[in-house]
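Trainee: Below is the structure, and that's it, no one-letter string:
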């Protein structure tokens, strides 16, 4: 069974954890966090302080755009949303990030890529959409998603199976125990996602060690 909840790409091999943060996250995120260094136009914004007329700082007008931050306005302020897909043991399979104001469904198709046939996908009501259900069934998997109260056509789902979705919530709880993840210190989304990947690798290895 797979559980999803509402960040890009599958987890890399263990030896890739020694790579720099930018290459680790490059191309594995939502948005354009390419991490490319851009030369700042300092010559165009040169400020002569000997001028008689005072004016605002030139640095404010020529801020360097170093990359995509992947943040958006939500109820909690400026936030970044982490999307995760875990297996039946609660181990991370796929991760994505998006700005906090994006709906979960916007990352659903990318998160659900590569499902095995006859896999039962457990997700909350945020993923109750015809497009998401079609994406799951097209891969030969079975959606087990509760119906929203506004849905006219109701689908059957098993409450006993849905209880297993708590495994993805446990994963998020373990992920947020890492202080750098719970309190984002990184400016760029690529750097933030790289640390999420490293923390997820550690969680994955711990779960393997604890398995009898």
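Mentor: Yes, it's here. What you see is a predicted model; the values in this text were computed from it and never measured.
Trainee: got the buried residues for the lengthiest helix in the chain?
Mentor: Selection of the longest helix in the chain by residue count, based on DSSP state H, yields helix 189-210. By 16 or more other C-beta atoms under 10 Å, the buried positions in helix 189-210 come out as 189-201, 203-204, 207. The C-beta positions use only the backbone N, C-alpha and C, and glycine is treated the same way.
Trainee: what's the answer for stretch 78-98, then?
Mentor: Counting neighbours by 16+ other C-beta under 10 Å, stretch 78-98 gives 79-87, 90-98 as buried.
Trainee: now stretch 145-161
Mentor: Neighbour counts using 16+ other C-beta under 10 Å place 145, 146 of stretch 145-161 among the buried residues.
Trainee: tell me the mean pLDDT over that stretch?
Mentor: Predicted confidence along stretch 145-161 averages 94 (mean pLDDT).
Trainee: From the rest of the structure, what touches that stretch?
Mentor: Residues external to stretch 145-161 that are found in contact with it (C-beta atoms under 8 Å, 6 or more residues apart in numbering): 1, 120-125, 127-128, 132-133, 143-144, 162.
Trainee: mind checking how far the residue nearest to residue 112 when sequence neighbours are not counted is from residue 145?
Mentor: Counting by C-beta to C-beta, 6 or more residues apart in numbering, residue 112 lies nearest to residue 135, which is 5.6 Å off, once chain neighbours are set aside. Per C-beta to C-beta, to the nearest Å, residue 135 is found 12 Å from residue 145.
Trainee: next SSE after the helix or strand harbouring residue 95?
Mentor: Applying DSSP states H and E as the criterion places residue 95 in strand 92-99. Next helix or strand after strand 92-99 toward the C-terminus (DSSP H and E): helix 108-111.
Trainee: what's the helix or strand for residue 180?
Mentor: Take DSSP H and E as the rule and residue 180 turns out to sit in helix 179-182.
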